[in-house]
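*Asks:* okay, predicted coordinates and the sequence, questions at the end:
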Protein chains: 2
Amino acid sequence: MSKIQVTENGTRKQAIIQQAAGLFRQKGFAGSSMRELAERIGVEAPSLYNHIGSKNELLENICFSVANQFMAQLERIEADGFSAIQQLEQVLRFHIHMMVHAYDEVFVANHEWKQLKQPFLSDFLQQRKNYEQRLITMVQAGIAQGLIKPVQPQIAVLTILSAVRGLEFWQGQKNSIHWDELENNMVDHLLNGLVQ
Amino acid sequence: MSKIQVTENGTRKQAIIQQAAGLFRQKGFAGSSMRELAERIGVEAPSLYNHIGSKNELLENICFSVANQFMAQLERIEADGFSAIQQLEQVLRFHIHMMVHAYDEVFVANHEWKQLKQPFLSDFLQQRKNYEQRLITMVQAGIAQGLIKPVQPQIAVLTILSAVRGLEFWQGQKNSIHWDELENNMVDHLLNGLVQ
DNA sequence: CTGAAAAACTAATAAGCGTTAGTTTTGTTG
DNA sequence: CAACAAAACTAACGCTTATTAGTTTTTCAG
């Protein structure tokens, strides 16, 4: 049959992972079969194992690729010397950016990480907790500087992260959306509120 | 073996659905097996079929029970004559209430509705769209009355709904949380913002 | 106590799963 | 063009799945 198409600068393994992200997003990890993944690529299922180790390895690749990207960006923002509010805004905008440009992967990492096996599950959760903690510290700094209301920092962080996750609901109408406007509206809503 | 324990005023079918909600939340619908569900109840898998029609029927029951509860409450709020902001606050508080008191069912309805089969999938999506639209109308009314900033109503609604969904992340520490404080913090954040 | 209905059981089926083994085709390099 | 490696193929394995059929046990009203 045909061969696995390789896009520029990508290995066959990367092509498989990308297709897997799309499939796992649509059907969930447990609801997806290697046979269906293979069919989408245009190949028989056992052929996939020339390039990957297992179905679970695909999920691990997707989840940790996303986690690493968020972590790397957070480190950049923490080091840039802006105010807590400005840093929070940058974090917000990066989450929105990822939701638009790496939708499938982010969605899968958000929804299917539970299906990771040990020790990957623990690793992932720890990384996630660490990320949240650093955002909480950011909010605390903002409160200490008098820029942010004296709220419970963890509640604020969770509210923001959850709100941004909701961008997945917009993806259906991907092409009819003004992403700039959406981004600015959300940033304003989450930082300045809704009430006139 | 033992029998399916029936709690007060509940049929055996309801007991199965309740256990299924807990299992589906933990492992996902596709990741859960009827054998494991039966084991949790203390019965052999085929015995379940004396009370239910199929595995999919369980998911349908959970999803539409949740949808109906939200719809009924929205109708009550719409009819109570309060201001748009007050109505929005009531909606918010009800979502938080459901997240605390019917966690498993709400979680499953939020995450596993994709696995519904036709025509249930279409029904569910339509009901969801209808719910969102009525919240959008609520925000529009608030803007017209000068109570709410002239934002994009659908963005505001989605930001709020997504933020509330994030309460699922708090359930792990269910007993160590002051839910009143959490609720008030979120309502204030989403209506009045974070900035001092 | 008897008999019927409810609810459990055991056994089995067909289908689908991830994955392995072994082989053939394809692509590339000397 | 020969040889070697990469990547596809077919066939099959052992397991799990949801579900059905048929039977036995339990529950409960008359």
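*Replies:* Received the coordinates, thanks.
*Asks:* in chain A, which spans are helices?
*Replies:* With DSSP state H as the criterion, chain A has helices at A:12-27, A:34-41, A:55-78, A:84-101, A:103-112, A:120-144, A:153-165, A:179-192.
*Asks:* what residues does stretch A:173-187 touch?
*Replies:* Outside of stretch A:173-187, the residues within contact range by Cβ atoms under 8 Å, 6 or more residues apart in numbering or on different chains are A:89, A:92-93, A:96, A:100, A:163-164, A:167, A:170, B:151-152, B:155-156, B:159. Every C-beta, even on glycine, is put in place using the N, C-alpha and C of the backbone.
*Asks:* for those, give me a markdown table that also has pLDDT.
*Replies:* Formatted as a markdown table, the contacts of stretch A:173-187 follow (pLDDT from 0 to 100):
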| residue | pLDDT |
| --- | --- |
| A:89 | 92 |
| A:92 | 92 |
| A:93 | 93 |
| A:96 | 91 |
| A:100 | 88 |
| A:163 | 87 |
| A:164 | 88 |
| A:167 | 88 |
| A:170 | 82 |
| B:151 | 86 |
| B:152 | 87 |
| B:155 | 85 |
| B:156 | 87 |
| B:159 | 86 |
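*Asks:* where does pLDDT dip in chain A?
*Replies:* Applying pLDDT under 70 to chain A picks out residues A:1-9, A:193-196.
*Asks:* give the contact list for residue A:108.
*Replies:* A:21, A:24-25, A:29, A:59, A:62-63, A:66.
*Asks:* need those residues in CSV (columns: distance to residue B:39 and neighbour count).
*Replies:* What follows is the contacts of residue A:108, written out as CSV (distance: Cβ to Cβ, whole Å; neighbours: other Cβ atoms under 10 Å in any protein chain shown):
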residue, distance to residue B:39, neighbour count
A:21, 33, 25
A:24, 27, 26
A:25, 31, 23
A:29, 23, 24
A:59, 26, 24
A:62, 31, 26
A:63, 29, 24
A:66, 34, 21
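*Asks:* just the residues you listed now: which is nearest chain B?
*Replies:* Chain B lies nearest to residue A:29 out of the contacts of residue A:108, by Cβ to the nearest Cβ, at 7.9 Å.
*Asks:* the closest one and residue A:59 touch, don't they?
*Replies:* Yes: if you go by Cβ atoms under 8 Å, residue A:29 and residue A:59 touch, sitting 5.6 Å apart.
*Asks:* quick check: neighbours shared by the two?
*Replies:* Common contacts of residue A:29 and residue A:59 (Cβ under 8 Å, 6+ apart): A:108, A:112, A:115.
*Asks:* also within reach of DNA strand C: list those from the contacts of stretch A:173-187.
*Replies:* The subset of these within reach of DNA strand C, by Cβ under 7 Å from any atom of the strand, is empty.
*Asks:* follow-up on the earlier one: possible to save the helices of chain A as TSV with distance to DNA strand D?
*Replies:* Output for the helices of chain A, formatted as TSV (distance: least, Cβ to the nearest atom of the strand, whole Å):
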stretch	distance to DNA strand D
helix A:12-27	5
helix A:34-41	7
helix A:55-78	12
helix A:84-101	27
helix A:103-112	18
helix A:120-144	19
helix A:153-165	28
helix A:179-192	35
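*Asks:* as CSV, those with distance to residue B:41 would be great.
*Replies:* Output for the helices of chain A, formatted as CSV (distance: least, Cβ to Cβ, whole Å):
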stretch, distance to residue B:41
helix A:12-27, 28
helix A:34-41, 32
helix A:55-78, 29
helix A:84-101, 39
helix A:103-112, 27
helix A:120-144, 26
helix A:153-165, 33
helix A:179-192, 43
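*Asks:* next, count neighbours for residue A:122.
*Replies:* For residue A:122, the tally of surrounding residues (other Cβ atoms under 10 Å in any protein chain shown) stands at 10.
*Asks:* an error on my part: the question was meant for residue A:134.
*Replies:* Close neighbours of residue A:134, defined as other Cβ under 10 Å, add up to 16.
*Asks:* with the one 5 residues further on instead?
*Replies:* Other residues within reach of residue A:139 by the criterion other Cβ under 10 Å amount to 24.
*Asks:* what's the closest of the contacts of stretch A:173-187 to residue A:132?
*Replies:* Closest approach between those and residue A:132, by Cβ to Cβ: residue A:164, at 12.9 Å.
*Asks:* measure the closest one to residue A:170 for me?
*Replies:* According to Cβ to Cβ, to the nearest Å, residue A:164 and residue A:170 sit 11 Å apart.
*Asks:* so these two - more neighbours on which side?
*Replies:* Remark: of residue A:164 and residue A:170, residue A:164 carries more neighbours, 24 against 18, as counted by other Cβ under 10 Å.
*Asks:* these two touch, right, that one and residue A:99?
*Replies:* Yes: using Cβ under 8 Å, residue A:164 is in contact with residue A:99, at 6.9 Å.
*Asks:* find the centremost residue of chain A, please.
*Replies:* Closest to where the C-alpha atoms of chain A average out (Cα atoms, centre = their mean) is residue A:106, at 3.0 Å.
*Asks:* can you pull the contacts of it?
*Replies:* Taking Cβ under 8 Å, 6+ apart as the contact definition, residue A:106 lies against A:66, A:98-99, A:168.
*Asks:* go on, residue A:19?
*Replies:* Residue A:19 is in contact with A:37, A:40-41, counting by Cβ under 8 Å, 6+ apart.
*Asks:* 6 Å - rerun?
*Replies:* Residues in contact with residue A:19 (Cβ atoms under 6 Å, 6 or more residues apart in numbering or on different chains) are A:40-41.
*Asks:* got it, and the one 10 residues further on?
*Replies:* Going by Cβ under 6 Å, 6+ apart, residue A:29 touches A:59, A:112, A:115.
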